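Student: quick one: sequence and predicted model below, then my questions.
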Amino acid sequence: MVIRLIYLLACQRFQWLVLLARSSAAKDVEILMLRHQLAIAQRNRPRPRFSWSDRAVMAALLRIVSKERRTQVALLVTPRSVLRWHARLIAWKWTYPSRRPGRPPKPEALRQLVVRLARENPGWGYRRIQGELLGLGRKVAASTVWSILKEAGIDPSPQRTDRSWATFLKAQASAIVATDLFHIDTAFLRRWFVLFFIDHGTRRVHIAGITRHPTGPWITQQARNYLMDLGDRAGSIRFLIRDRGAYFTDSFDAVFQAVGVQVIPTLPQAPRMNSIAERWIGSCRREATDRILITGQNHLRLVVNEYAEHYNRHRPHRSLGQRPPDPLITPEPRPASASTSVSRRDRLGGLIREYKQVA
């Protein structure tokens, strides 16, 4: 027993002498490898699995450790495992798709620009868009423009122009004016008639006059006054829409025809042919006259003119991008901030309220 103990102590002493002969770098590598194996073994799994990072670390450390020490150190991996990892790495290198086959994808900024040009200009084909892009310093093939439009669901051919009635009327709106009469019953059961004109392009309303008896001569005179108020702008009018009321006489039509305006009467019982004028009558009734007891002509003139001013200067319109008719040529209001205050202006005794920013 004593001899065996002396033998073991001698072997251990020789091992210590071998360690002293080894370099500190080799011992540090071996310690790192053993610590990494211990971390893998301590994972909460019944069988520790090596991730790709574990394989890379173990392969690099085993490359540094000498062949003799590999056989002496307890390892969780075998040489066969390292060779299998290397084979997988080689296979991944040659089979991983480094890039997509075919041409490189188009830049997103170019794609958005092509789609924008196509939607803002319905009559442009893909070659017209290609020429516009060249003028913007972007050299793009016609086939590229074609493919971008097809992917966006837009027909690349110029036949995709919108020829609907809505598009046609919107393009012609700046040259169309409509007129109509509507009546208001006062608190004393007297009926008054209001004549107005409305521009289809700007939606601006002009109150021509108020009367109890809308005769032909009176209507004709109001038409002359309207053209005088327009001045040079009367030359831009090409069409006038009116209904078939007996008060719109031939002399009324002759006033507009003398300045080159074509008068278009609506069909019988077809109010939609003069829908914009009818829409304004409904708005005026709902927002003003139906909510006030009108006492007479002067009161009616005050209410209608006040509402027309509100309609032209402040009331937003969907067809105008939620802007009123008059400020179309003025810049949009600056973006509001947390410190921006809002003031209110009352019209018709608070029946209509207008809001605006305060500088």
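Tutor: That came through fine.
Student: give me the contact list for the helix or strand R344 falls within.
Tutor: Using DSSP states H and E, R344 sits within strand 341-347. The set of residues that contact strand 341-347 without belonging to it, under Cβ atoms under 8 Å, 6 or more residues apart in numbering, is E306, Y307, H310, I352, R353, E354, Y355, K356, Q357, V358. From N, CA and C alone the C-beta is placed, and that goes for glycine too.
Student: if we go to 10 Å?
Tutor: 288, 303, 306-307, 309-310, 314, 336, 350, 352-359 (Cβ atoms under 10 Å, 6 or more residues apart in numbering).
Student: tilt between whichever helix or strand comes after that strand and strand 341-347?
Tutor: Scanning the chain past strand 341-347 towards its C-terminal end, the next helix or strand to appear is strand 352-358 (assignment: DSSP H and E). Per axes from the mean of the first three to the mean of the last three Cα atoms, to 10 degrees, the angle that strand 352-358 makes with strand 341-347 is 150 degrees.
Student: what lines up beside strand 352-358 in the sheet?
Tutor: Using DSSP bridges, strand 352-358 pairs in its sheet with strand 341-347 (antiparallel).
Student: which parts of the strand it pairs with are buried?
Tutor: R347 (16 or more other Cβ atoms under 10 Å).
Student: likewise for stretch 119-135?
Tutor: If you call a residue buried by 16+ other Cβ under 10 Å, then stretch 119-135 has these buried ones: W124, G125, Y126, I129, Q130, E132, L133.
Student: buried only: go through the contacts of strand 341-347 for me.
Tutor: The neighbour-count test (16+ other Cβ under 10 Å) marks A288, V303, Y307, H310, H314, I352 as buried among these.
Student: let me have these in CSV, extended by pLDDT.
Tutor: Shown next, in CSV, are the buried ones among the contacts of strand 341-347 (pLDDT from 0 to 100):
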residue, pLDDT
A288, 90
V303, 94
Y307, 93
H310, 90
H314, 83
I352, 83
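Student: isn't G260 right up against L227?
Tutor: No - with the criterion set as Cβ atoms under 10 Å, G260 and L227 do not qualify as a contacting pair; they are 11.4 Å apart.
Student: got the contact list for the closest residue to R313 other than its chain neighbours?
Tutor: Closest residue to R313 in three dimensions, ignoring its sequence neighbours and counting by Cβ to Cβ, 6 or more residues apart in numbering: D326, at 4.9 Å. Applying Cβ under 10 Å, 6+ apart, we find D326 in contact with T202, R203, R204, E309, Y311, N312, R313, H314.
Student: shouldn't the fifth one be within a helix?
Tutor: To tie it back to what came earlier, the one meant is Y311. Yes - counting by DSSP: H, G, I helix; E, B strand; the rest coil, Y311 is located in a helix.
Student: list the contacts for the closest residue to it other than its chain neighbours?
Tutor: Leaving aside its chain neighbours, Y311 sits nearest to V205 (5.6 Å; criterion: Cβ to Cβ, 6+ apart). Neighbouring residues of V205 by Cβ under 10 Å, 6+ apart: 196-199, 277, 280, 283-284, 304, 307-309, 311-312, 325.
Student: could you single out the nearest of those to G209?
Tutor: F196 (8.9 Å; Cβ to Cβ).
Student: which positions in the stretch of helix or strand the closest one belongs to come out as buried?
Tutor: Using DSSP H and E, F196 maps to strand 191-199. Taking 16+ other Cβ under 10 Å as the neighbour-count basis, strand 191-199 is seen to contain the buried residues W192, F193, V194, L195, F196, F197, I198, D199.
Student: rewinding a little: average model confidence for the strand holding R344?
Tutor: Per-residue pLDDT values across strand 341-347 average out to 81.
Student: cool, stretch 196-215 as well?
Tutor: Per-residue confidence for stretch 196-215 averages out to 92 on the pLDDT scale.
Student: check stretch 106-122 too.
Tutor: Per-residue pLDDT over stretch 106-122 has a mean of 84.
Student: hmm, who's touching that stretch?
Tutor: Identification of contacts with stretch 106-122 by Cβ under 10 Å, 6+ apart yields 105, 124-126, 128-130, 132-133, 136, 138, 140, 144-149, 151-156, 158, 160-163, 167.
Student: selecting buried members of the residues you listed in ChimeraX, what would you type?
Tutor: Burial among the contacts of stretch 106-122 is assessed by 16+ other Cβ under 10 Å; the matching ChimeraX selection reads:
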select :124,125,126,129,130,132,133,140,144,145,146,147,148,149,154,156
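Student: from the contacts of stretch 106-122, which land in helices?
Tutor: The members of the contacts of stretch 106-122 that map onto helices under DSSP state H are 126, 128-130, 132-133, 144-149, 151, 167.
Student: distance-wise, check the nearest residue to A142 once chain neighbours are set aside relative to W146.
Tutor: The shortest distance from A142 to any non-neighbouring residue, by Cβ to Cβ, 6+ apart, is to Q130 (4.8 Å). Computed as Cβ to Cβ, to the nearest Å, the Q130 to W146 distance reads 9 Å.
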